[in-house]
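J.: What shape does this take:
(one chain, ligands or ions: 2)
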Amino acid sequence: MANLKESELKELEIEERCLRLSNPHLLPDEDDVLYHFGLTKHSTDLPVVFGDVRFVCTGGSVGRLACVAQEIATSLGITDGSDRRNLCNSDRYCMYKVGPALCVNHGMGVPSLSIMLIEVIKLLHHARCKNVTFFRIGTSGGLGLEPGTVVVSNAAVNCELKPIHVQYVLGQRTERPATLDQKLVQELLEIGSTLPFPVATGATMCADDFYEGQGRLDGAFCEYSMEDKFKYIQTLFDAGVRNIEMESVCFASMMTRADVRGAIVCATIVNRFDGDQVAIDKATIKQFETRPMDLVIAYIKRHWKKPEVSAS
Ligand SMILES: O=P(O)(O)O[C@@H]1C[C@H](O)[C@@H](CO)O1
Ligand SMILES: O=c1cc[nH]c(=O)[nH]1
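T.: Numbers count the residues shown, from 1 in each chain. Ligands and ions are numbered 1, 2, ... in the order given. Next comes the predicted model:
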């Protein structure tokens, strides 16, 4: 140990680190109801069922995460049917555990994402998982990018362009730092450069809604002009924002609080300088959605060794 470099020690430390909870009211011997998954700590042997999870893949829709589970099973040669077994006993989310990967959708927007993330973080903490990396595999609106470009976020900012997630707790405005693991960003970009579609990096802005919060002109209500809209998205672009979605700052802030690595990898499905409506057909959207999956699954493949099957 003595001759290990600082960075190697840090790496080793991450390898051994569980997900960090910081809540004195969660008592180790008490049960814990993960209500939105329909699971409880004591009803399942969590370390047995989830203890080998190393990667969490999430994204908005159920269909996409079911597809991610199947793609991971194919890619890692897992044929036990786990990619089609939804472990979630509620209709709020879907959850597939495929080898080292847990695939859970998060719905749309920060409130839905935060419920899912908190319950997954508790689940994996109870399961005593180590060295877990989270990936948000999403869609987004691009700024100045050809639709279908995949953005690996190097920063997550709120609508005021600050790298923080604002949360109101007991009526108090609280700011949580939203930072992303830059080493992970670089490795994802390196993998992305080998794939047959455009990959970019930049800041991702997290909006609280899809329409006015993203400067769209096609919502039910709009009190600003087209000129105002273009001025706003130009300001975002000049500040380094390359795509807009609805989960990034909360996702990044939760990774920071749980002391785990996380990355945000989103396909752009519209270039907001060209318009607001997502006018591409369903098949093209589906094709674009598989691109971030391909990138993240290539990373997982690189970082996972299939356990030796015991001779007995
Ligand atoms: O992961 P998804 O595709 O759900 O991410 C974006 C942000 C919102 O959740 C949703 C809005 O269309 O798409
Ligand atoms: O423009 C878009 C596209 C997908 N998701 C968003 O939040 N915005």
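
J.: Tell me the pLDDT of the closest residue to ligand 1 within the stretch 51-200 of the chain.
T.: Of the stretch 51-200 of the chain, the residue with the smallest distance to ligand 1, taken as C-beta to the nearest ligand atom, is Gly60 at 1.9 Å. Just so you know, the C-beta spots here come from the backbone N, C-alpha and C atoms, and that holds for glycine as well. Each residue has a pLDDT score; the one for Gly60 is 98.

J.: residues in contact with it?
T.: 105-108, 138-139, 247 (C-beta atoms under 8 Å, 6 or more residues apart in numbering).

J.: And what about Phe251, helix, strand or coil?
T.: helix (DSSP: H, G, I helix; E, B strand; the rest coil).

J.: That one: neighbour count?
T.: Close neighbours of Phe251, defined as other C-beta atoms under 10 Å, add up to 30.

J.: Over to Gly142?
T.: With other C-beta under 10 Å as criterion, Gly142 counts 27.

J.: Around ligand 2, pick out the residues from the stretch 1-150 of the chain.
T.: Taking C-beta under 6 Å from any ligand atom as the contact definition, the stretch 1-150 of the chain meets ligand 2 at 139-141.

J.: out of these, who's nearest ligand 2?
T.: For these, the nearest to ligand 2 is Gly141 (2.4 Å; C-beta to the nearest ligand atom).

J.: Mind pulling the model confidence for that closest one?
T.: 98.

J.: Which strand residues bridge it?
T.: Beta-bridge partners recorded for Gly141 (DSSP bridges): Ile244.

J.: just to revisit the earlier point, check the gap between the residue of the stretch 51-200 of the chain closest to ligand 1 and Lys229 for me.
T.: 24 Å (C-beta to C-beta, to the nearest Å).

J.: ok, now which ones touch Ile137?
T.: By C-beta under 8 Å, 6+ apart, the contact list for Ile137 reads 57-59, 64, 68, 265-266, 292-293, 296.

J.: now Leu236
T.: By C-beta under 8 Å, 6+ apart, the residues touching Leu236 are 143, 161, 205, 244.

J.: Quick check: pLDDT value at it.
T.: Looking at Leu236, its pLDDT reads 98.

J.: Buried residues in the helix or strand harbouring it, which are they?
T.: Take DSSP states H and E as the rule and Leu236 turns out to sit in helix 226-238. Within helix 226-238, the residues scored as buried using 16 or more other C-beta atoms under 10 Å are 229, 233, 236-237.

J.: try stretch 202-216
T.: Across stretch 202-216, burial judged by 16+ other C-beta under 10 Å covers 202-207, 210, 212-216.

J.: Please apply the same query to stretch 32-51.
T.: Residues of stretch 32-51 classed as buried by neighbour count (16+ other C-beta under 10 Å): 32, 34, 36-39, 41, 44, 46, 50.

J.: pLDDT check: weakest of the residues you listed?
T.: For the buried residues of stretch 32-51, the pLDDT minimum is Thr44, 92.

J.: Phi first, then psi, for it.
T.: phi -130, psi 140 (degrees, to the nearest 10).

J.: Apart from its chain neighbours, what residue comes closest to Glu175?
T.: Ile164 (4.5 Å; C-beta to C-beta, 6 or more residues apart in numbering).

J.: how close does Ala155 get to Ala252?
T.: Distance, Ala155 to Ala252, by C-beta to C-beta: 8 Å.

J.: do the same with Ile264
T.: 7 Å.

J.: same deal with Gly59?
T.: Going from Gly59 to Ala252 by C-beta to C-beta gives 15 Å.

J.: the more surrounded of these two?
T.: Between Gly59 and Ala252, counted using other C-beta under 10 Å, Ala252 has the larger neighbour count: 30 against 27.

J.: Residue ranges of each domain in the chain, please.
T.: Domain assignment for the chain, taken from automatic domain parsing, gives 31-131, 138-304.

J.: Tell me how many other residues surround Arg176.
T.: Counted with other C-beta under 10 Å, Arg176 comes out at 17.

J.: wait, what's in contact with it?
T.: Contact analysis of Arg176 by C-beta under 8 Å, 6+ apart lists 164-167, 253, 256-257.
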